[in-house]
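*Asks:* give me coordinates for this.
(2 chains)
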Amino acid sequence: MKILVVDDEADVQPLFLQRFRREIREHEFEFDFALSGEDALNYLHDKHSEVVLILSDINMPGMSGLELLSRIRHEYDMPPPMVMMITAYGDEENHRQAMERGANDFLTKPLDFNLLKEKLKTLT
Amino acid sequence: MSTAIWVIIVGYFATKFTLEDSFQHLIGSALLFGLIYYGTKEQDFGPQRSYLLANAPLAVVGLINFLFQLFFEGFYDKYEQFFNYATLIAFAWIFGKWASSKKQEDELRISTERRAELEALVQERTVELQKQKDELQETVQELKTTQAQLIQSEKMASLGELTAGIAHEIQNPLNFVNNFSEVTAELIEEMEEELNKGDKEEAIAIAADIKQNLEKIMHHGKRADGIVKGMLQHSRASSNVKEPTDINKLADEYLRLAYHGLRAKDKSFNAELITHFAEGLPQANLVPQDVGRVLLNLFNNAFYAVKEKQKTTGTEFKPKVEVATVSKGKSLEITVKDNGTGIPDEIKEKILQPFFTTKPTGEGTGLGLSLSYDIVVKAHSGKIDIKSKQGEGSEFKISLPV
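*Replies:* Reported below is the predicted structural model:
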């Protein structure tokens, strides 16, 4: 299962790779990364058919995660990828907006990787 | 003194009637000359000199009378009448002089009194002025205190605006510290497992990851540390100590703080942040918290301007805030540019004035730019250049000497 992680902080990359070390080694998951909403859209433009799940931060400079979500829902509906939103502000407003714009799930920072792992495993 | 003159006159007549005619003139004259000589020499008679000198013609006439009587007796006897007239005129002269001196004396007395009056008046006015001066000095002191308080409250106001940004900025590195610590603990377990299995190669790979993670933990720990320090510096009354500062780091830090501060208040707000930091810039000698405040103020204004524009233009508008640094000879330039509402021409002159604000009451203190001007121009001998076009955006360029 290919997962695209969108976050403007580059350090989430080694974090994901290490947290899912075993799963990656056993080819359960494959991770790709984008540093901005714009990056993510470019990536999806080429590879949207490969990506099953998108994990995106909301609070990013430039295109916000919510905007990215709207664009994904608008442009890629065959088949619609799963989108989970992550934000540092675990507040109602962002949650409501994310759900309204068609997010499949909503996670808050700091990420609970064990919870994420369980969620991902139910998907495979 | 006038009694002295009466003595002379009485003395003169006394000698005139008792002595023989020719010698009475000589003795009277000699007496007068002696008195005049003595009176003019003595400092004590200074003010009465004019009285004494008034007697000089009488003495001269007396002397002439004597000389003519002695040597030209015939001539004298023939014209005695005229000699007597001369004596009379000399007397008249004395009285005339005396009267005018008296008048002068009176005038002098009056003017002395006047002067004393004036002096008292001046004294009174001086006291009044001194009092006014003291009061003004007190007012100036009060104003200075108020100004210092205003600067501090402006600082605290901007700190308040920053709090959410700071929280976000600290939360992020802390999350990394927590996440990397957790994953590292897991990796150590995994490494043990691999070692037990005898897979040394995998164990070494994990060890490399652990090392990398510890470096990341340190990096993010320091990042949080730097932010807290920056915040403390910002809130503290300025130390006014100039120190070599990396302006790229300073600009980046405050750009993020300003952005996240605004984002925390208005989550729907989003802007593209563009940084053009010149590499290899020399360190600038400046008061970091003060210049940081200037930058914070410029960023806050830029974000405010693009946000205002977004309100009126809708979703098509892409807010953009740019910061650029460049080295220009002996100075460094920091440019903060936005594509917001711009500054209308009619208020361009006023924006640096204290308490001038376009923000609604309660949102802006109107001190931001005026303090920025003081910090850059007065404290750092720098320059602020403002370019702006209404509806298109603004550009603030700060030049600071290296």
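*Asks:* now do the most centrally placed residue in chain A against residue A:33, distance only.
*Replies:* Centroid check for chain A by Cα atoms, centre = their mean gives residue A:55 as the closest residue, at 0.8 Å. Distance, residue A:55 to residue A:33, using Cβ to Cβ, to the nearest Å: 10 Å. To be clear about C-beta, it is placed using only N, CA and C from the backbone, and glycine gets the same treatment.
*Asks:* over to residue B:337?
*Replies:* Using Cβ to Cβ, residue B:337 is found at 30 Å from residue A:33.
*Asks:* over to residue B:283?
*Replies:* For residue B:283, the distance to residue A:33 - Cβ to Cβ - is 34 Å.
*Asks:* does the closest residue to chain B within chain A belong to a helix, a strand or coil?
*Replies:* Scanning chain A for proximity to chain B using Cβ to the nearest Cβ identifies residue A:110 as nearest, at 4.1 Å. Recorded secondary structure, residue A:110: coil (DSSP: H, G, I helix; E, B strand; the rest coil).
*Asks:* quick one on the thing from earlier: quick one, which of residue B:283 and residue A:33 is more surrounded?
*Replies:* The residue with more neighbours, out of residue B:283 and residue A:33, is residue A:33; 18 against 12, by other Cβ atoms under 10 Å in any protein chain shown.
*Asks:* checking that one next. Helix, strand or coil?
*Replies:* Secondary structure state of residue A:33, per three-state DSSP, is strand.
*Asks:* my guess is it contacts residue A:4. True?
*Replies:* Yes - Residue A:33 is in contact with residue A:4 according to Cβ atoms under 8 Å; the separation is 7.3 Å.
*Asks:* buried ones in stretch B:85-97, by neighbour count?
*Replies:* B:86, B:87, B:90, B:91, B:93, B:94, B:97 (16 or more other Cβ atoms under 10 Å in any protein chain shown).
*Asks:* I meant to write stretch B:341-356 there.
*Replies:* B:341, B:342, B:343, B:351, B:352, B:354, B:356.
*Asks:* swap in stretch B:297-315?
*Replies:* Result for stretch B:297-315 [16+ other Cβ under 10 Å]: buried residues B:297-307, B:309-310.
*Asks:* tell me, what's touching residue A:55 and residue A:33 both at once?
*Replies:* A:4, A:5, A:6 (Cβ atoms under 8 Å, 6 or more residues apart in numbering or on different chains).
*Asks:* chain center to the helix or strand of chain A with the lowest mean pLDDT, what's the gap?
*Replies:* When each helix and strand of chain A is scored by mean pLDDT, DSSP states H and E, helix A:92-100 comes last, with a mean of 84. Relative to the centre of its chain, helix A:92-100 is centred 16 Å away, using Cα atoms, centre = their mean, to the nearest Å.
*Asks:* give me the contacts around that helix.
*Replies:* By Cβ under 8 Å, 6+ apart, helix A:92-100 touches A:58, A:65, A:66, A:69, A:85, A:87, A:106, B:267.
*Asks:* and the fifth one, that's in a strand?
*Replies:* It refers to residue A:85. Yes - Residue A:85: assigned to a strand according to three-state DSSP.
*Asks:* show me where pLDDT drops low in chain A?
*Replies:* Scanning chain A for pLDDT under 70 picks out A:88-91, A:124.
*Asks:* strands along that one, start to end?
*Replies:* A:2-6, A:30-34, A:51-57, A:82-87, A:105-108 (DSSP state E).
*Asks:* in TSV: those, plus distance to residue B:146.
*Replies:* Converted to TSV, these look like this (distance: least, Cβ to Cβ, whole Å):
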stretch	distance to residue B:146
strand A:2-6	50
strand A:30-34	52
strand A:51-57	45
strand A:82-87	43
strand A:105-108	45
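*Asks:* for these, which one sits closest to residue B:101?
*Replies:* In terms of Cβ to Cβ, the element of these nearest to residue B:101 is strand A:82-87, at 107.5 Å.
*Asks:* against residue A:84, how distant is residue A:5?
*Replies:* Taking Cβ to Cβ, one finds residue A:5 at 10 Å from residue A:84.
*Asks:* where do the contact lists of the two overlap?
*Replies:* The contact sets of residue A:5 and residue A:84 overlap at A:55, A:56 (Cβ under 8 Å, 6+ apart).
*Asks:* got the residues of chain B near chain A?
*Replies:* Counting by Cβ under 8 Å from any Cβ of the partner chain, the positions of chain B adjacent to chain A are B:168, B:171-172, B:174-176, B:178-180, B:182-183, B:186-187, B:190, B:209, B:212-213, B:216, B:220, B:259-260, B:263-264, B:267, B:270-273.
*Asks:* tell me which of the residues you listed fall in helices.
*Replies:* Cross-referencing the residues of chain B next to chain A against helices under DSSP state H gives B:168, B:171-172, B:174-176, B:178-180, B:182-183, B:186-187, B:190, B:209, B:212-213, B:216, B:220, B:259-260, B:263-264.
*Asks:* just the buried members of those residues?
*Replies:* B:168, B:171-172, B:174-176, B:179-180, B:182-183, B:186-187, B:190, B:209, B:213, B:216, B:220, B:259-260, B:263-264.
*Asks:* which residue sits closest to residue A:23, ignoring its sequence neighbours?
*Replies:* Among residues not flanking residue A:23 along the chain, residue A:29 sits closest, at 4.7 Å (Cβ to Cβ, 6 or more residues apart in numbering or on different chains).
*Asks:* contacts only, for the one you found.
*Replies:* So residue A:29 contacts A:1, A:2, A:3, A:20, A:23, A:120 (Cβ under 8 Å, 6+ apart).
*Asks:* can you pick the most crowded of the contacts of helix A:92-100?
*Replies:* Neighbour counts for the contacts of helix A:92-100 peak at residue A:65, which has 29 neighbours (criterion: other Cβ under 10 Å).
*Asks:* wait, it touches residue A:71, no?
*Replies:* No - in this structure, residue A:65 is not within contact of residue A:71 by Cβ under 8 Å, at 10.6 Å.
*Asks:* quick check: neighbours shared by the two?
*Replies:* Counting by Cβ under 8 Å, 6+ apart, the common neighbours of residue A:65 and residue A:71 are residue A:37.
*Asks:* now the residue of chain A most remote from its centre: how far from residue A:2?
*Replies:* Computed with Cα atoms, centre = their mean, the residue of chain A farthest from its C-alpha average is residue A:26, at 21.0 Å. Distance, residue A:26 to residue A:2, by Cβ to Cβ: 15 Å.
*Asks:* any idea which residue of chain B lies closest to chain A?
*Replies:* Closest point on chain B to chain A, by Cβ to the nearest Cβ, is residue B:175, at 4.1 Å.
*Asks:* excluding its backbone neighbours, what's nearest that residue?
*Replies:* In this structure, residue B:175 finds its nearest non-sequential neighbour in residue A:110, 4.1 Å apart by Cβ to Cβ, 6+ apart.
*Asks:* could you do residue A:13 as well?
*Replies:* That would be residue A:33: by Cβ to Cβ, 6+ apart, it lies 5.0 Å from residue A:13.
*Asks:* quick one: contacts for that neighbour?
*Replies:* Counting by Cβ under 8 Å, 6+ apart, residue A:33 touches A:4, A:5, A:6, A:7, A:12, A:13, A:16.
*Asks:* let's have these in a markdown table, adding neighbour count.
*Replies:* Output for those, formatted as a markdown table (neighbours: other Cβ atoms under 10 Å in any protein chain shown):
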| residue | neighbour count |
| --- | --- |
| A:4 | 24 |
| A:5 | 22 |
| A:6 | 30 |
| A:7 | 23 |
| A:12 | 23 |
| A:13 | 15 |
| A:16 | 23 |
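*Asks:* ok, now how distant is residue B:397 from residue B:324?
*Replies:* The spacing between residue B:397 and residue B:324, counted by Cβ to Cβ, is 9 Å.
*Asks:* ok, and the helix or strand in chain B with the lowest average confidence?
*Replies:* Ranked by mean pLDDT, DSSP H and E, the weakest helix or strand in chain B is helix B:2-18, scoring a mean of 63.
*Asks:* could you point out the helix or strand that follows that helix?
*Replies:* Next along the chain after helix B:2-18, taking DSSP states H and E as the criterion, comes helix B:21-41.
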